[in-house]
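*Asks:* Sharing a model prediction with you, sequence too.
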Amino acid sequence: MRLSALLLALGLIIGCGGAAPTPTAPTVAAPTATTQASQPPEAGPRSNIPRSSVRKVLKSGLGAFLQNVVVDGPVFLSGKFHGFRIGALKGKDWQGVDLKAGDVVTRVNGFTVERPENAFEAFQSLEVASELRVDFERDGEPRSLRYAIVDD
């Protein structure tokens, strides 16, 4: 997997939780059976990321990712935070990654991204994590991106 795909996934962490979303009114989605599904179907990691690449990205810090994602705002279900809707993805680093405008990111490596401290914790967890996982919804259907982090 290209390092750029890792940058893209990490950009979600920061773009969704590490910075204030683009000023807009919160989006409130109506609860449906498909949006309340507990977890996306389990699937094995789709690619490998060398740990040295992860460390390089972590060393760059959170600010490097703020330019990659435009967030439309938070999504709430039944008055509770559900995730952040992607407004736009900037740059060529997003090529080949199955995320697009309109997707709602709900968790990164098991962490919600509701607050900046959640995003920071998810970001820091990658130092020792065995995988990078981004859970999101597209058109109300749960999905998950998974990348194994392997020692090199």
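*Replies:* That came through fine. Since the model is a prediction, treat every value here as computed from it, not as a measurement.
*Asks:* Okay, and the beta partners of the closest residue to residue 82 other than its chain neighbours?
*Replies:* In space, and not counting its chain neighbours, residue 82 is closest to residue 75: 4.7 Å by C-beta to C-beta, 6 or more residues apart in numbering. (C-beta placed from N, C-alpha, C; glycine too.) Residue 75 forms beta bridges with residue 27, residue 83, as assigned by DSSP bridges.
*Asks:* Strands of the protein, start to end?
*Replies:* 27-28, 47-50, 69-77, 80-89, 104-108, 131-138, 141-150 (DSSP state E).
*Asks:* Any idea which of those strands has the lowest pLDDT on average?
*Replies:* Among the strands of the chain, strand 27-28 has the lowest mean pLDDT, at a mean of 36.
*Asks:* one step back: number of nearby residues for the residue nearest to residue 82?
*Replies:* 19 (other C-beta atoms under 10 Å).
*Asks:* what's the answer for residue 112, then?
*Replies:* Residues lying near residue 112 (other C-beta under 10 Å) number 19.
*Asks:* do residue 88 as well
*Replies:* Residue 88: 15 neighbours (other C-beta under 10 Å).
*Asks:* any idea how far residue 144 is from the residue lying closest to it once chain neighbours are set aside?
*Replies:* Spatial nearest neighbour of residue 88, excluding adjacent residues (C-beta to C-beta, 6+ apart): residue 70 at 4.1 Å. Distance, residue 70 to residue 144, using C-beta to C-beta, to the nearest Å: 22 Å.
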